[in-house]
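**Q** here is a sequence together with a model predicted from it:
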Amino acid sequence: MYTIGQISEMFGLPVSTLRYYDKEGLFPDMQRESGIRKFGEKELETLRVIECMKKSGMEIKDIKQFMEWCQEGSATYPKRRELFLKQKAHMEAEIERMNRVLDMIRYKCWYYEQAIKDGNEDRLKNMKAEDMPAEIREAYENAHREDEKHPQA
């Protein structure tokens with residue numbers, strides 16, 4: 001069993017956040033000794049899931065709903081699965097967006113390496129994508145492709 005201070009240190013979370021989670025009912029079976037919260041393996045795993053959900057952009061109200069479904073038992077498996085499928089799709093879209101950002105940075109690193117070698121940007125300003133090295137061309141094209149929902153400038 002761990003104290004709230006130990007858990008705070010382990011997860012890099014303020015004690016106030018852990019108290020808030022407890023107040024919101026996210027640790028429904030937490031043991032207490034003389035009013036002191038005691039975190040066991042179940043609470044550790046719950047906290048790992050909560051932190052994963054938060055990092056994926058999920059709001060506390062949705063995390064709370066998930067925890068309530070867990071308490072309700074196996075009848076809620078389909079709801080829980082759907083929640084994670086939705087978050088998975090959200091994260092895959094975010095990764096795709098970030099990969100396009102990273103490809104723009106890769107392209108710009110190459111671009112300025114070339115400009116430094118050349119002493120100017122003249123050759124690069126008029127360069128067509130097909131004249132770029134394959135890896136750079138792929139990064140350039142990915143960074144410049146338009147997303148169906150949000151065209152890039």
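**A** Happy to help now that I have it. Numbering: from 1, shown residues only.
**Q** assign L26 to helix, strand or coil.
**A** Look at L26: counting by DSSP: H, G, I helix; E, B strand; the rest coil, its state is coil.
**Q** local confidence estimate at it?
**A** What the model reports for L26 is a pLDDT of 90.
**Q** can you name the residues that contact it?
**A** Listed by C-beta atoms under 8 Å, 6 or more residues apart in numbering, the contact partners of L26 are T46, I50, I63, K64, M67. C-betas here are computed from N, CA, C, even on glycine.
**Q** narrow these to those in helices?
**A** Using DSSP state H, the subset of the contacts of L26 located in helices is T46, I50, I63, K64, M67.
**Q** closest to E92 among these?
**A** Nearest to E92 among those: I63, at 19.8 Å, using C-beta to C-beta.
**Q** what about that closest one, distance to E33?
**A** Shown here: I63 relative to E33, a distance of 26 Å by C-beta to C-beta, to the nearest Å.
**Q** more neighbours: these two, which one.
**A** Neighbour totals were compared for I63 and E33, and I63 leads with 20 against 9 (other C-beta atoms under 10 Å).
**Q** would you confirm that the more buried one contacts K55?
**A** No: in terms of C-beta atoms under 8 Å, I63 does not count as a neighbour of K55; the distance is 11.3 Å.
**Q** quick one: low-confidence ranges for the protein?
**A** The model of the chain has pLDDT under 70 over residues 147-153.
**Q** what about the helices in it?
**A** Secondary structure of the chain, counting by DSSP H: helices at 4-11, 15-23, 41-55, 60-72, 77-118, 122-125, 134-144.
**Q** distance to D29 for the ones you listed - can I get that in a markdown table?
**A** Below are the helices of the chain laid out as a markdown table (distance: least, C-beta to C-beta, whole Å):
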| stretch | distance to D29 |
| --- | --- |
| helix 4-11 | 15 |
| helix 15-23 | 11 |
| helix 41-55 | 7 |
| helix 60-72 | 9 |
| helix 77-118 | 18 |
| helix 122-125 | 62 |
| helix 134-144 | 47 |
